[in-house]
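Peer 1: just coords:
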């Protein structure tokens, strides 16, 4: 169907989240989006999911909804698995029934962080937390239940909306003259608007293809490069200062510390850089340097949502 796709033929779950909002704002995807938000679909209730999909009978289902509180998931495993494992399987089953294709998002946290080179899609998984285990179960449910699916593992997602590392660092830099940030977690910050753009390419590329097309399946997408949390925070402060944010902190006052200084219930992988060669080869997608999107999001916060940045 491609460019002639019918209006509102893409059912979006999780429209209020970071990736969901980016999809709603994307020029190619927005005209096709029919929103199924929390008020119309309860992800913890399979019957609610099935009803929404059967009613909409979409061409595509994009599942941007998830339980993302990594710490709280340790205390609420049932809720985490309901949203991140059971719901994706139900979505995929219904997609298969109505003939829809699925785009689903997963996480770098499915790995244990013991590698020292970027993880390929074929690398062994070993989740360290309830959240990570629930997301891995969701991946499996999608793969087992719907032939026409694309699951995208990504990392360290942020945007100008919601709660995320960039906005937390920015808020603290506006309030304090010194920040202490862990330096023993390495990954790749990935902007939600990048994921929306990648989704648009995938949807356009696979709009008309059959279930036996080799491009269906699991992919990794993250921005180019790798960084520690500490270096990421330092870059945020540097770029925010250049853009005129009235910071109290400076790049030199962003102090590295061990993650042991911030004990948490959920264990995180120490290294979770994702190899993107598969998605680059399959769809011609070239991830930009992670610093580029940091600057773009800071520009948006400065020009469109500065009050939100100050009170995030």
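Peer 2: Cool, the structure landed. Just so we're clear, the structure is a prediction, and the values are computed from it rather than from any experiment. Numbering: from 1, shown residues only.
Peer 1: quick one, phi/psi of the closest residue to residue 65 other than its chain neighbours?
Peer 2: Residue nearest to residue 65 in three dimensions, not counting chain neighbours: residue 14, with 3.0 Å by C-beta to C-beta, 6 or more residues apart in numbering. All C-beta spots, glycine's among them, are computed from the backbone N, C-alpha and C. Phi and psi for residue 14, reported as degrees, to the nearest 10, are phi 90, psi 40.
Peer 1: Report the separation between residue 14 and residue 91.
Peer 2: Remark: distance between residue 14 and residue 91 (C-beta to C-beta, to the nearest Å) = 11 Å.
Peer 1: mind listing the strands for the stretch 51-200 of the chain?
Peer 2: Per DSSP state E, counting those that start in this stretch, the stretch 51-200 of the chain carries strands over the ranges 60-63, 101-107, 149-154, 157-158, 179-182, 186-187, 190-191.
Peer 1: returning to that earlier point: identify the contacts common to residue 14 and residue 91.
Peer 2: Residues touching both residue 14 and residue 91 (C-beta atoms under 8 Å, 6 or more residues apart in numbering) are residue 63.
Peer 1: Where does pLDDT dip in this protein?
Peer 2: Residues of the chain that meet the criterion pLDDT under 70 lie in 1-6, 37-39, 304-312.
Peer 1: Helices along that one, start to end?
Peer 2: Secondary structure of the chain, counting by DSSP state H: helices at 18-25, 46-56, 70-73, 77-81, 87-98, 130-145, 165-175, 192-206, 229-242, 277-283, 290-303, 306-311.
Peer 1: For residue 107, which of those helices is the nearest?
Peer 2: If you check each of those against residue 107 by C-beta to C-beta, helix 130-145 wins as the nearest, at 4.9 Å.
Peer 1: buried stuff in that closest one?
Peer 2: 130-139, 141-143, 145 (16 or more other C-beta atoms under 10 Å).
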